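1. Let me see the structure of the following:
(one chain, ligands or ions: 2)
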Amino acid sequence: MMENGQVTVVKHALVQHKLSLMREKETGTRDFRTLVTEIATFLCYEAMRDLPTEEVEIETPICKTKVPMIAGKKLAYVPILRAGMGMLDGALSLTPVAKVGHIGMYRNEQTLEPVEYYKKLPEDISERDVFILDPMLATGGSACDAISAVKRSNPKSITFVCIVSAPCGLERVCKEHPDVPVYTAAIDEKLNENGYIVPGLGDAGDRIYGTH
Ligand code: PRP
Ligand code: URA
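-> Residues are numbered from 1 along each chain as shown. Ligands and ions are numbered 1, 2, ... in the order given. Below you'll find the predicted structure:
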């Protein structure tokens with residue numbers, strides 16, 4: 001699957017360099033977590049490029065003038081637990097007053113089907129532009145279910161931000177949710193027989209938290 005109007009691959013050299021460090025199996029938990037945070041900042045920065053702005057009158061020390069400001073300014077981040085939490089601090093460093101919702105989801109290791117175990121979203125989410133965060137988009141099951149769960153609360157918009165994606169998962173998101181832009185740092189080759197992205201970076205949750 002190639003980059004298209006719905007899918008943006010952020011090819012900035014810094015993002016690609018940091019992703020390569022994340023992929024390296026010798027990269028330990030502390031560095032991995034730092035890299036997830038840094039890449040999340042860059043990806044969200046890019047994902048917000050086209051947020052609508054409005055002209056607002058201000059006064060500089062010299063004169064009155066009209067300047068662009070982000071319209072509405074009501075954003076929410078929704079990390080998918082666990083691994084999405086690793087991206088939250090990076091996102092919040094851009095917009096510290098954004099509200100945060102959580103969706104808990106894990107993949108059944110046999111069927112690879114996502115299982116939702118928690119959901120708590122901001123009450124006023126219908127007034128907000130939502131950015132769903134998860135480092136890995138593999139089969140796309142977790143992403144699609146999380147997007148559907150957020151859609152039920154009627155947000156203004158949804159954008160999905162991930163670090164590594166697989167072609168089949170991206171295709172599934174594009175088919176089931178053609179209205180949701182996706183930002184990713186890489187589209188990898190494929191999934192292996194266990195549903196892991198190849199070459200990927202392994203289990204993102206385990207690498208962020210040092211579990212197995
Ligand atoms: C990982 C990842 C995504 C999901 C992607 O979570 O963080 O949520 O897998 O796979 P999919 O596209 O095939 O649904 P995991 O189930 O390992 O849970 P964890 O974050 O709690 O470790
Ligand atoms: N979840 C992960 O953490 N890694 C993968 O490669 C696929 C799903």
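
2. Would you pull up the residue in the protein closest to ligand 1?
-> Gly205 (2.5 Å; CB to the nearest ligand atom). Placement of C-beta: from N, CA and C, glycine included.

3. Helix, strand, or coil at that residue?
-> helix (DSSP: H, G, I helix; E, B strand; the rest coil).

4. quick one, what contacts it?
-> 82-83, 211 (CB atoms under 8 Å, 6 or more residues apart in numbering).

5. By neighbours, which of the residues you listed wins?
-> Counting neighbours by other CB atoms under 10 Å, Ala83 comes out on top of the contacts of Gly205 with 24 neighbours.

6. what residues does the chain put near ligand 1?
-> Applying CB under 6 Å from any ligand atom, we find that the chain lies next to ligand 1 at 80-83, 105-107, 112, 114, 134-143, 169, 195, 203-205.

7. Using ChimeraX, make a named selection holding only the buried ones among those.
-> In ChimeraX, this line selects whichever of the residues of the chain next to ligand 1 come out buried by 16 or more other CB atoms under 10 Å:
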select :80,81,82,83,105,107,114,134,135,136,137,138,139,140,141,142,143,169,195,204,205
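
8. Now tabulate the contacts of Gly205 in a markdown table and tack on secondary structure and pLDDT.
-> Formatted as a markdown table, the contacts of Gly205 follow (DSSP: H, G, I helix; E, B strand; the rest coil; pLDDT from 0 to 100):
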| residue | secondary structure | pLDDT |
| --- | --- | --- |
| Arg82 | coil | 96 |
| Ala83 | coil | 98 |
| Thr211 | coil | 96 |
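
9. Just the closest of those residues to ligand 2, please.
-> Ala83 (6.0 Å).

10. Please enumerate residues in contact with stretch 88-97?
-> With CB under 8 Å, 6+ apart, stretch 88-97 has contacts from 36-42, 44-45, 48, 73, 75, 77, 79, 98, 100, 131, 133, 161.

11. Quote the end-to-end distance of that stretch.
-> This stretch, stretch 88-97, spans 12 Å end to end (CA to CA, to the nearest Å).

12. Would you mind naming what in this structure lies close to ligand 2?
-> Counting by CB under 6 Å from any ligand atom, the chain sits next to ligand 2 at 83, 136, 138, 195-197, 200, 203-205.
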